[in-house]
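Enquirer: sequence? don't have it. structure:
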């Protein structure tokens, strides 16, 4: 040990310089505290001391320490001591520093925020700000960061998203507009469309909440990862008896001198990595398990980004098609032909069992893929998926109507003009004068809406009505209605109408309802769930463990930490019991078999005393 005053080399156990008589001291490079030559750790901040003595005086009330740029910075020791007292001295390591004293030094230097103590929470952060003199108004940046990293914000966002998802579960998504009119009425359907409840998961407010949750998750992950990485990266350094006694979970065992060696063997049996340093011992395992929670943050972030990508870039459409029709998929740049469609029923029952549609993909004029789809067995091409969504009779878009037409003579007699069949939107010739009748609209379940306009109550054939327009040349002469259940009602519409129209037949083709969807965020969501499973595995099956032990005056001091301060308690109790009753550690399977051998084995247990502090 070299005296800094006269540069004389002294023996390692010297307390005073043999040449000049100056007291030898080891000055802590972290806080500047002078320690006795036999100290291995700083009595103030707990940092491991180097074997360089110093006779130079230390300024009263000031700790000289090295900053990140390598320059010496004077730190008020009184403030450091006050911060240490507020932190409580648990030394749990969740702040990223080995001891509370190290964290206090970093806080006073400005290298660690006042709220870095996870265990202390907001109250400890408030007291530290008072010690540092930060009584002025907190800057906007700090307030925003504090809110973005708040767990309360995350919980609030998750509750809001859950409530919105309940609405999305109760109300069918991306259905034909008539489905909403039939189920909720015209007013309900209008409200659903106004609030975007029919496409809720791509609505602006749902995506906005997702984006805010992503920002919250990113901020929390950044704040937490620094702590986790420091714990994984930094080596587990030995601790003195006093430091072990400050751990939230520790034990003191009266045990022979070989107790430290027995503890090392026992911990190795438990798959710990053990290091000995004289009368001190350190052990650890699964330190990488600390990153399990961080991996969960990352996986949640990826899932949320996948949901946002799907909401912004994905789409869902509804297509009604008939047998033999070909429709164009604009977003994919290809055509789809409906080759056939049919249903199957249960045996001895008219109840429908399943719907089937045979589709052929036509890309650049070539048939590239043919598949029969059914419920839960879609077809996917170029990232666009076709789901079998519905099946039925297309009264709304493909009805064929048969009308019997009569002309009223001046004397009141009627002249039959025959029966005519046409599709909705088509025309037929009425007489030799060139009159044409156009079937302009068909309402299978006619009703008058709240806006006083005709509408459909449902897509079923409950109250059929036909709207007809009669043209002579290019000029419309009149328009009228024909009701299948109330044929006489048409006479009340206009007196200039000499014709009577009666609905005598109605047919409609079967249609297949196809839900066309594309979600580019699905691969991200799957990746996020895989990482989530990995993070859960690390979190539950690879819990980080750190153990410190020191032997002094015929007593073994043992303490440890897990993810949480008290998480190590059960395992410490097991370790103490094994040290107490098992003088020569044996493999774990043999100890398991020895548990039920009776009371005789208990008589051979050594007499040791143990004190477990929690």
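Expert: The structure has been received and is ready for your questions. This structure is a prediction, so every number in the text was calculated from the model and none was measured.

Enquirer: all helices for the stretch 251-400 of the chain, in order.
Expert: For the stretch 251-400 of the chain, helices defined by DSSP state H, counting those that start in this stretch occupy the ranges 259-269, 292-313.

Enquirer: whoops, the stretch 1-150 of the chain was the one
Expert: 77-87, 100-109, 121-131, 140-148.

Enquirer: where among those is the average confidence lowest?
Expert: Lowest mean pLDDT of the helices of the stretch 1-150 of the chain: helix 140-148, a mean of 78.

Enquirer: Let me know whether residue 509 touches residue 398 as I believe.
Expert: Yes. Using C-beta atoms under 8 Å, residue 509 is in contact with residue 398, at 4.9 Å. Every C-beta, even on glycine, is put in place using the N, C-alpha and C of the backbone.

Enquirer: Which neighbours do these two have in common?
Expert: Overlap of the contact sets of residue 509 and residue 398 (by C-beta atoms under 8 Å, 6 or more residues apart in numbering) consists of residue 322.

Enquirer: Highest mean neighbour count out of the helices of the stretch 251-400 of the chain?
Expert: helix 292-313 (a mean of 20; mean count of other C-beta atoms under 10 Å).

Enquirer: Report the contact partners of residue 426.
Expert: Counting by C-beta under 8 Å, 6+ apart, residue 426 touches 438-439.

Enquirer: Distance-wise, check it relative to residue 400.
Expert: For residue 426, the distance to residue 400 equals 9 Å [C-beta to C-beta, to the nearest Å].

Enquirer: swap in residue 217?
Expert: 57 Å.

Enquirer: mind listing the strands for the stretch 151-300 of the chain?
Expert: Here the stretch 151-300 of the chain has its strands, by DSSP state E, counting those that start in this stretch, at 250-254, 273-277, 280-285.

Enquirer: Turn those into a markdown table, columns for mean pLDDT.
Expert: What follows is the strands of the stretch 151-300 of the chain, written out as a markdown table (pLDDT from 0 to 100):
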| stretch | mean pLDDT |
| --- | --- |
| strand 250-254 | 88 |
| strand 273-277 | 91 |
| strand 280-285 | 92 |
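
Enquirer: Out of the ones you listed, which gets nearest to residue 580?
Expert: Across the strands of the stretch 151-300 of the chain, residue 580 has its closest neighbour in strand 250-254 (6.9 Å, C-beta to C-beta).

Enquirer: counting residues per helix, which one in the protein is longest?
Expert: Criterion DSSP state H: the longest helix present in the chain is helix 204-233.

Enquirer: and it, what does it pack onto?
Expert: helix 140-148, helix 151-170, helix 292-313 (3 or more C-beta pairs under 8 Å, 6 or more residues apart in numbering; DSSP states H and E).

Enquirer: Looking at residue 400 now. What's its pLDDT?
Expert: 91.

Enquirer: tell me the contacts of the closest residue to residue 291 other than its chain neighbours?
Expert: For residue 291, ignoring the flanking residues on the chain, the nearest one in space by C-beta to C-beta, 6 or more residues apart in numbering is residue 228 at 5.5 Å. Listed by C-beta under 8 Å, 6+ apart, the contact set of residue 228 reads 290-291, 293-294.

Enquirer: Output the strands of the stretch 151-300 of the chain in JSON lines; the columns should cover mean neighbour count.
Expert: As requested, the strands of the stretch 151-300 of the chain are exported to JSON lines (neighbours: other C-beta atoms under 10 Å):
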{"stretch": "strand 250-254", "mean neighbour count": "21"}
{"stretch": "strand 273-277", "mean neighbour count": "14"}
{"stretch": "strand 280-285", "mean neighbour count": "21"}
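
Enquirer: Quick one: closest of the ones you listed to residue 442.
Expert: Closest to residue 442 of the strands of the stretch 151-300 of the chain is strand 280-285 (C-beta to C-beta; 75.4 Å).

Enquirer: Now do the residue lying closest to residue 213 once chain neighbours are set aside: how many residues are near it, please.
Expert: If the residues on either side of it in the chain are set aside, residue 213 comes closest to residue 157, at 4.5 Å by C-beta to C-beta, 6+ apart. The number of residues packed near residue 157 is 18, by other C-beta atoms under 10 Å.

Enquirer: what does residue 560 give?
Expert: A total of 23 residues lie near residue 560 under the criterion other C-beta under 10 Å.

Enquirer: Next one, pLDDT for it please.
Expert: 88.

Enquirer: wait, residue 578 sits on residue 266?
Expert: Yes. With contact defined as C-beta under 8 Å, residue 578 counts as touching residue 266 (5.7 Å).

Enquirer: Run a quick neighbour tally on the closest residue to residue 8 other than its chain neighbours.
Expert: Of all residues not flanking residue 8 in the chain, residue 19 sits nearest, at 3.9 Å (C-beta to C-beta, 6+ apart). When neighbours are counted by other C-beta under 10 Å, residue 19 registers 13.

Enquirer: Distance check, residue 19 against residue 188.
Expert: 98 Å.

Enquirer: now swap in residue 181 and tell me
Expert: From residue 181 to residue 188 the distance is 8 Å (C-beta to C-beta).

Enquirer: between these two, which one's more packed in?
Expert: Between residue 181 and residue 188, counted using other C-beta under 10 Å, the more crowded position is residue 181 (23 against 14).

Enquirer: so how far is residue 393 from the more buried one?
Expert: Separation of residue 181 from residue 393 (C-beta to C-beta): 17 Å.

Enquirer: residues in contact with the closest residue to residue 389 other than its chain neighbours?
Expert: With C-beta to C-beta, 6+ apart as the criterion, residue 389 has its nearest non-adjacent residue at 4.0 Å, and that residue is residue 515. By C-beta under 8 Å, 6+ apart, the contact set of residue 515 is 174, 316-319, 386-387, 389.

Enquirer: Now do the SS call for residue 515.
Expert: strand (DSSP: H, G, I helix; E, B strand; the rest coil).

Enquirer: picking that back up, identify the farthest-apart pair in the contacts of residue 515.
Expert: Taking C-beta to C-beta as the measure, those span a maximum distance of 13.5 Å, between 174 and 386.

Enquirer: Looking at these two, which one has more neighbours?
Expert: Using other C-beta under 10 Å, the more surrounded residue of residue 174 and residue 386 is residue 386, with 22 against 18.

Enquirer: dump the residue contacts of the residue nearest to residue 213.
Expert: Neighbours of residue 157 in contact, by C-beta under 8 Å, 6+ apart: 209, 212-213, 216.

Enquirer: of the residues you listed, closest to residue 282?
Expert: residue 216 (36.9 Å).

Enquirer: Distance of the closest one relative to residue 124?
Expert: Distance from residue 216 to residue 124, by C-beta to C-beta: 23 Å.

Enquirer: neighbour-wise, which of these two wins?
Expert: The neighbour count for residue 216 versus residue 124, taken as other C-beta under 10 Å, is higher for residue 216 (22 against 19).

Enquirer: which residues touch that one?
Expert: Neighbouring residues of residue 216 by C-beta under 8 Å, 6+ apart: 148-150, 153-154, 157.

Enquirer: again with residue 348
Expert: Counted by C-beta under 8 Å, 6+ apart, residue 348 has zero contacts.

Enquirer: How about residue 499?
Expert: Contacts of residue 499 (C-beta under 8 Å, 6+ apart): 405-408, 417, 430, 470, 480.
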